[in-house]
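Colleague: Just to be clear, the model below is a prediction. Sequence and coordinates:
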Amino acid sequence: MNDNDSPVSVAKALRKRAETAFLEEAAQSPQYLKPLTPEAARRVLHELRVHQIQLEMQNEELRQAYLELDATRSSYLDLYDFAPVGYLTLCETGRIIQANLTAAAQIRTSRSALLKKPITNFIFRGDQDGFYMLRRELIENHELRDCELRMVRSDGTQFWALLQIAAKRNCDGVTEFRIAVNDITERKRAEEHIQKLANFDLLTGLPNRVQLGIRVHHAISLAQRNHEQLALMFLDLDHFKDINDSLGHSVGDVLLTEMANRLNSALRETDVISRLGGDEFILMFPGVNAQVAAEIAQKLLDVISSPIQIEQHDLNMTGSIGIALYPDDGVNLEMLLKRADAAMYRVKREGRHGYCFFAAEMQTLSARHQQVVNALRHALEREQLTVHYQPQISVEKGHIVGVEALLRWTHPELGSVSPAEFIPAAEESGLILPIGEWVLRQAARQAKLWIQDGLIPLKIAVNLSAVQFRHADLPSLVTRILEEEGLPPECLEFELTEGVALHDPQGAIVVMNKLHERGVRMSLDDFGTGYSSMGHLKKFKVYKLKIDQSFVRDISIDQESGAIVCAIINLAKGLGLKIIAEGVETKDQLEFLRVNGCDEIQGYYYSKPLSVDEFQEFCMVKGGQPGAHSELE
């Protein structure tokens, strides 16, 4: 609109035309042919002023309307350009004829660079066919449609966009496409993350149980159709909890990730591996029979046992694998999983680091194991646990030189439960920590009472489980209990199995050093079964080796067992260590050990583990009275 078309100019023109029309009409009207009287003239002038005022008011209204229209147009352009979504208008051929600034910002270019360009220049090639199809549908049916696709920015990067598209005919009857572009990249990322959380393990990236169920169900359907077998394996890392307790969860997480990568790299493309939780992995092998499953399981065990270094720690891991076969052991995931789990626990009970196929009797054993764990949770508070003491005797003089504290459990329904059964259950369930602390305190308290009663200050040996030994609080816990019970540190001895010490030799050395600094002595239990290297043995702060009873049992009748025992005794003497043999039951065994220089023995030849009262009686008979021989040097 130019100045000549402004409301003011229009109003002036209208007034001029009104005055002219009035004068022309007045000139032709008979009543005005006569000369006007002064009163008539005043009336005419008054009417003209009224018309002038009305025209000026209309003129002002028109001017205000024009200003409001201009402001509205400016606001509309701002809203269009700076809307939170991009707006594009396409001509019938798909070229961009209008674009707001938001659309230009989304594509990271200028508005001018968008105009006259085909929209497909900015759509990911793989999504262009879908866009073409949608556009053809819109030409036939002008309903509002939307689609999600990937758009390409000017720098080549991509973003996800929700396009809301409408086809409209303009004033010339030509179809135009009007598009609202919503950037939904963050929403897509959130959906992908949620999808990953729902189907994959966050730490290792492996499928979780939900995804495992889908894949195993599909594999079972194929196996059923093709009359094939399928193997499901339940794999558990041995003593993994000890890693978390002693080295921290960050080291444990790195270990789990490394193991997941190792296991995954050993599989075929059709195989499935899933992390069930903690250190448990489920593996599924389609088309695999028992023979092949055994070969695969051994390969996986070799992969796991390969040494791994995390930070300054050299770790040697082992695994236990239970195997169930479809269709013999189950026809769905739940059945196969339950039975592979039972087979895995059989491996755990038999010493770990192996594999086992499911057998029917395992279900009974699995139920028994769960019953033991549940009952053990209340054993302490219900005072079902007791400590028995087995004497340790000097071979040379026959005097008592020490005692080993041994835990016993009697349950009102289960009866007397063997330590070989409930100690592994306590370790796996984490109950070994409170139970182990209770045993240590009981042993220290009893040793102090014996000293107060006038018995010689016997050294009391307490077994340390792997979980206890690797717990970071062990040294300070030992110091606290000794101080609270008033027992001298030199009266306490910890027995640690050779295998536990070798699990993480460097970590073992650190813990042994801390205990040694506190005056507590260490001995290696079950020696000869863990393949200790001389280098480690020299660095371990131990003062005694205990020969495993499996070697002692046949020393008088089996040359190989005798040779092994002699070699261990000579090794200990060469390193300046004392030697004790456990499981001595016959006079011949005792004589063999005496002749070959063994220092101490314990076993049924002298005494079974005894209650407190029984041990006191035994101690008085065998030389535990005041002034008797003591070897606490």
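Modeller: Everything's here; your move.
Colleague: So for stretch 583-599, first residue to last residue, what's the gap.
Modeller: For stretch 583-599, the first and last residues are 14 Å from each other (CA to CA, to the nearest Å).
Colleague: Show residues contacting that stretch.
Modeller: Counting contacts by CB atoms under 8 Å, 6 or more residues apart in numbering, the residues outside stretch 583-599 that touch it are 394-396, 547-550, 552-553, 555-556, 562, 565-566, 569, 573, 578-581, 601-606. C-beta: built from backbone N, CA, C; applies to glycine.
Colleague: next one: stretch 469-485
Modeller: 242-243, 245-247, 433, 437, 440-441, 444-445, 448, 464, 468, 488-489, 492, 496, 500, 503-504, 507-508, 511, 514-515, 518, 520.
Colleague: Sort out which of the contacts of stretch 583-599 are in helices and list them.
Modeller: Among these, the members found in helices (DSSP state H) are 549-550, 552, 562, 565-566, 569, 573.
Colleague: Report the two of those separated the most.
Modeller: 550 and 573 (21.6 Å; CB to CB).
Colleague: now the contacts of stretch 583-599: which count as buried?
Modeller: 394-395, 547-549, 552-553, 555-556, 562, 565-566, 569, 578-581, 601-603, 606 (16 or more other CB atoms under 10 Å).
Colleague: Buried ones in stretch 182-199, by neighbour count?
Modeller: For stretch 182-199, by 16+ other CB under 10 Å, it's 182-183, 188.
Colleague: Show me what secondary structure element comes after the biggest helix by length in the chain.
Modeller: For the chain, the helix that runs over the most residues, judged by DSSP H, is helix 38-81. Note on helix 38-81: by DSSP states H and E, the next helix or strand toward the C-terminus is strand 86-90.
Colleague: what does that next one contact?
Modeller: 80, 96-100, 102-107, 114, 119, 176-183.
Colleague: Quick check: buried residues in the helix or strand that it is followed by?
Modeller: Heading C-terminal from strand 86-90, the first helix or strand you meet, by DSSP H and E, is strand 96-99. Using 16+ other CB under 10 Å as the test for burial, strand 96-99 gives 96, 98-99.
Colleague: Output these as JSON lines; include the columns distance to residue 235 and pLDDT.
Modeller: Listed next are the buried residues of strand 96-99 as JSON lines, based on distance: CB to CB, whole Å; pLDDT from 0 to 100:
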{"residue": "96", "distance to residue 235": "57", "pLDDT": "94"}
{"residue": "98", "distance to residue 235": "62", "pLDDT": "91"}
{"residue": "99", "distance to residue 235": "58", "pLDDT": "92"}
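Colleague: Report all helices and strands that the helix or strand where residue 342 lies contacts.
Modeller: Per DSSP H and E: residue 342 is located in helix 333-349. In terms of contacts (3 or more CB pairs under 8 Å, 6 or more residues apart in numbering; DSSP states H and E), helix 333-349 is packed against helix 209-226, strand 230-237, strand 319-326, strand 354-357, helix 362-376, helix 419-429.
Colleague: nearest to residue 270, of these?
Modeller: The nearest among the helices and strands packed on helix 333-349, by CB to CB, is helix 209-226 at 8.2 Å.
Colleague: Put the alpha carbons of the closest one into PDB.
Modeller: What follows is helix 209-226, C-alpha atoms only, in PDB (Å, rounded to 0.1, in the frame of the first residue of the first chain):
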ATOM      1  CA  ARG A 209      17.000 -62.600  30.300                       C
ATOM      2  CA  VAL A 210      14.100 -61.000  28.300                       C
ATOM      3  CA  GLN A 211      16.100 -61.100  25.000                       C
ATOM      4  CA  LEU A 212      17.400 -64.600  25.900                       C
ATOM      5  CA  GLY A 213      13.800 -65.800  26.300                       C
ATOM      6  CA  ILE A 214      12.900 -64.500  22.800                       C
ATOM      7  CA  ARG A 215      15.900 -66.100  21.200                       C
ATOM      8  CA  VAL A 216      15.700 -69.400  22.900                       C
ATOM      9  CA  HIS A 217      12.000 -69.700  22.100                       C
ATOM     10  CA  HIS A 218      12.800 -69.100  18.500                       C
ATOM     11  CA  ALA A 219      15.700 -71.600  18.600                       C
ATOM     12  CA  ILE A 220      13.500 -74.300  20.300                       C
ATOM     13  CA  SER A 221      10.900 -73.800  17.600                       C
ATOM     14  CA  LEU A 222      13.500 -74.400  14.900                       C
ATOM     15  CA  ALA A 223      14.900 -77.400  16.700                       C
ATOM     16  CA  GLN A 224      11.500 -78.900  17.100                       C
ATOM     17  CA  ARG A 225      10.700 -78.400  13.400                       C
ATOM     18  CA  ASN A 226      14.000 -79.900  12.300                       C
END
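Colleague: Run through who's touching it.
Modeller: Taking CB under 8 Å, 6+ apart as the rule, helix 209-226 contacts 198-200, 207, 228-230, 232, 272, 274, 276, 282, 284, 286-287, 326-327, 331-333, 336.
Colleague: switch the cut-off to 6 Å
Modeller: Helix 209-226 is contacted from outside by 199, 230, 272, 274, 282, 284, 286, 326, 333, using CB atoms under 6 Å, 6 or more residues apart in numbering.
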